[in-house]
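1. When you get a sec, could you give me coordinates for this:
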Amino acid sequence: MIIRGPEKRADSDARRVGLVAGWGRYPLVIAQALRAQGYQTYCLGVRDHADPELANWCTDFRWIGLARLGAAIRYYHRHGVTRVTMAGKIHKTVLFQPGVWLRHLPDLTFLKVFYPHLFTGRRDRKDDTLLGTIVDACGQAGIEIAPATDFAPELLVKAGKITRHSLTPRQMRDIEFGWTLAKEMGRLDVGQSVAVMDQAVLAVEAIEGTDACIRRAGELCSKGGFTLVKVAKPQQDMRFDVPTVGLGTLENLVAAGGKVLAIEAERTILIDETQLVNFANAHGIAMVALHRGEATAGHRCLHGFAA
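-> Here you go, the predicted model:
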């Protein structure tokens, strides 16, 4: 069958994907997955966040300021991109630094969309609110925001015991205790991680992120041995802010004296899983992935991870 010009263009457009890249290795993993699948990737790297290495894996790469929403939409329109995915962390703490709007000079579209959130205070600055606002603005401009895991579903961790180290009864109780708290913090859109020891809360993740939460737990529990529970929000939108664990998370956990990492199966991303497992095994970290409800259904759901 002869493929006519318009059909060729439609097929070419379908193979074009936009990527908005924040901090961390996750955007690079997604860019590599997109290339392996034959996509043309048009990437905007958020200034002061994204890895410059992305330029080597994308069809086109440009730096963009955090507040250049209109420029981002125009960039994707110019390249015929109608589907965009977001990957990587945005350090929300920059919003509270002096001179932030001079460094990340807002464009007119950004001002129109975020004025009630960031300048008048009439609307909140919760993660879900801000990211949902971006999704709505892009949708109105004809750009669909797709989950990054659609392009790399293998990154979502499967349920089960991840490392060779088993859990003690005390650690199982801490997982159950921490899971309920982490889910509630997620429901409130505060954070997704909780550090606990002997069913006492050491630290709760908020705007500072998981790594800072881990470090604070280590400072408050100098004897070590605590458990970190990291879960998806009950209302988790898989298009953004999906819980992610990379080598840096485990390095910080080891440095702080943590011994257990419990995460949510099918709703948590593991970056470089083989490397993570090897590192955890070498440093005596027990890692388990649980489905929703398992950790709060009683210890019987955790018995398979016990020594």
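2. what's the closest non-adjacent residue to residue 186?
-> Distances taken as Cβ to Cβ, 6 or more residues apart in numbering place residue 233 nearest to residue 186, at 3.5 Å, with adjacent residues excluded. Every C-beta, even on glycine, is put in place using the N, C-alpha and C of the backbone.
3. The one you found: what secondary structure?
-> Residue 233 falls in the coil class when you classify it by DSSP: H, G, I helix; E, B strand; the rest coil.
4. separation between it and residue 35?
-> Separation of residue 233 from residue 35 (Cβ to Cβ, to the nearest Å): 30 Å.
5. Counting neighbours, show which residues of the helix or strand containing residue 130 come out buried.
-> Under the criterion of DSSP states H and E, residue 130 resides in helix 127-140. Neighbour-count burial for helix 127-140 flags 127-128, 130-131, 133-135, 137-138 (criterion: 16 or more other Cβ atoms under 10 Å).
6. hang on, residue 61 is in a strand, isn't it?
-> Yes - with three-state DSSP as the criterion, residue 61 is located in a strand.
7. Quick check: the closest residue to it other than its chain neighbours vs residue 292, distance?
-> Nearest residue to residue 61 in three dimensions, chain neighbours excluded: residue 55, at 4.0 Å (Cβ to Cβ, 6+ apart). According to Cβ to Cβ, residue 55 stands 38 Å off from residue 292.
8. Likewise for residue 235?
-> For residue 235, the distance to residue 292 - Cβ to Cβ - is 12 Å.
9. follow-up on the earlier one: and the buried residues of helix 127-140, which is closest to residue 171?
-> Residue 171 has its nearest neighbour among the buried residues of helix 127-140 in residue 127, at 29.1 Å by Cβ to Cβ.
10. Please verify my assumption that that closest one contacts residue 236.
-> No - the pair residue 127 / residue 236 is not scored as a contact, 11.0 Å apart, by Cβ atoms under 8 Å.
11. what ranges do the strands span in the stretch 51-200 of the chain?
-> Counting by DSSP state E, counting those that start in this stretch, the stretch 51-200 of the chain has strands at residues 60-64, 83-87, 144-146, 160-161, 193-197, 200-204.
12. Packing partners of the second one?
-> Read it as strand 83-87. Counting contacts by 3 or more Cβ pairs under 8 Å, 6 or more residues apart in numbering; DSSP states H and E, strand 83-87 is packed against strand 16-21, helix 26-36, strand 144-146.
13. Can you spell out which helices and strands pack onto the first one?
-> The one in question is strand 16-21. Helices and strands touching strand 16-21, by 3+ Cβ pairs under 8 Å, 6+ apart, are helix 26-36, strand 40-46, strand 83-87.
14. so what are the domain limits for the chain?
-> Following automatic domain parsing, the chain resolves into domains at 7-150, 156-305.
15. Switch the ones you listed over to a markdown table; also include mean pLDDT.
-> As requested, the domains of the chain are exported to a markdown table (pLDDT from 0 to 100):
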| stretch | mean pLDDT |
| --- | --- |
| domain 7-150 | 90 |
| domain 156-305 | 92 |
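16. out of those, deepest packed?
-> domain 156-305 (a mean of 19; mean count of other Cβ atoms under 10 Å).
17. so after the helix or strand hosting residue 212, what's the next helix or strand?
-> Using DSSP H and E, residue 212 falls within helix 210-220. Using DSSP H and E, the helix or strand that follows helix 210-220 in sequence is strand 227-230.
18. List the contacts of that next one.
-> With Cβ atoms under 8 Å, 6 or more residues apart in numbering as the test, strand 227-230 has contacts from 171, 174-175, 178-179, 181-182, 192-197, 210, 213-214, 217, 243, 245, 253, 258-264, 268, 295.
19. Paired strands for that strand, with orientation please.
-> Sheet pairing for strand 227-230, assigned by DSSP bridges, gives strand 193-197 (antiparallel), strand 260-264 (parallel).
20. packing partners for the longest helix anywhere in the chain?
-> Of all the segments of type helix in the chain, defined by DSSP state H, the longest one is helix 169-187. Packing partners of helix 169-187 (3+ Cβ pairs under 8 Å, 6+ apart): strand 193-197, strand 200-204, strand 227-230, strand 260-264, strand 286-290.
21. angle of it against helix 127-140?
-> Using axes from the mean of the first three to the mean of the last three Cα atoms, to 10 degrees, one finds that helix 169-187 and helix 127-140 are set 50 degrees apart in direction.
22. going forward, begin numbering at 12 instead of 1
-> Right, with 12 as the first residue, what we last looked at is helix 180-198.
23. CA atoms only: put helix 180-198 into CSV for me.
-> The C-alpha coordinates for helix 180-198 follow below in CSV (Å, rounded to 0.1, in the frame of the first residue of the first chain):
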residue,chain,number,x,y,z
PRO,A,180,8.8,-8.2,63.8
ARG,A,181,9.7,-4.7,65.1
GLN,A,182,10.4,-3.5,61.6
MET,A,183,7.1,-5.0,60.3
ARG,A,184,5.3,-3.0,63.0
ASP,A,185,7.1,0.1,62.0
ILE,A,186,6.1,-0.4,58.3
GLU,A,187,2.5,-0.8,59.2
PHE,A,188,2.6,2.2,61.5
GLY,A,189,4.4,4.4,59.0
TRP,A,190,2.3,3.3,56.0
THR,A,191,-0.9,4.7,57.5
LEU,A,192,0.8,8.0,58.3
ALA,A,193,2.5,8.3,54.9
LYS,A,194,-0.9,7.7,53.2
GLU,A,195,-2.5,10.4,55.3
MET,A,196,0.3,12.9,54.5
GLY,A,197,-0.1,12.1,50.9
ARG,A,198,-3.9,12.6,51.0
